[in-house]
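Novice: Can you look at this prediction? I've put the sequence above it.
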Amino acid sequence: MSYYVRAFCTDNSRPSVDELEAILKRDNKAAHLVTDDDRKSVSWSQAEFNYKEDNQPIVVEININSGDDSLAAEESQEFFDKIGKPGLSISKRRVLNHLKNTRFIVCCQLLSDIDDDGYHWNGELLNYFVKNHGGMIQADGEGFYDGRKIVVELS
């Protein structure tokens, strides 16, 4: 069974696979990204993040918001609709505004053999996008996060 965690990013810049791998390798020498895309280009769309030798990789996909018909725009709209009207909730307003301004989404598929190390390294990968590319994390069955705190719950 797969589980998905995303970073909705408002910045237009993206790292290349080589840049992202170098950042992850600073703290995890086993970190390795495998892709069929050009490793030096920021236009990559999918990679497998190998964080530990004996576990399946985390499948990482980047979807660009290139217009209303793009997957990123559709996914942002889907979450926008799930949240609904914010009422007096500042947190909901903040998340809805973030979704409106999303330029790309980093989607991580966590496979069935994910362990504590995998959750940790997935968090490190997504936190890179939070710190450097205006990301906001969303986890399936949980909601949207600000740091370690859920600010908008979604089941």
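Specialist: Noted; the coordinates are in hand.

Novice: can you pull out the strands in this structure?
Specialist: Under the criterion DSSP state E, strands of the chain are mapped to 3-9, 32-34, 46-50, 58-64, 104-110, 135-139, 143-146, 149-153.

Novice: Give me the distance from the first one to the chain's centre.
Specialist: For strand 3-9, the distance between its averaged C-alpha position and the chain's averaged C-alpha position is 3 Å (Cα atoms, centre = their mean, to the nearest Å).

Novice: what separates D69 from G87, distance-wise?
Specialist: 30 Å (Cβ to Cβ, to the nearest Å). The way it works is simple: take the backbone N, C-alpha and C, and place the C-beta from them, glycine included.

Novice: Can you say which of the strands of the chain is nearest to I83?
Specialist: Ranking the strands of the chain by proximity to I83 (Cβ to Cβ) places strand 149-153 first, at 6.1 Å.

Novice: which secondary structure elements does the closest one contact?
Specialist: With contacts taken as 3 or more Cβ pairs under 8 Å, 6 or more residues apart in numbering; DSSP states H and E, strand 149-153 sits against helix 90-100, strand 143-146.
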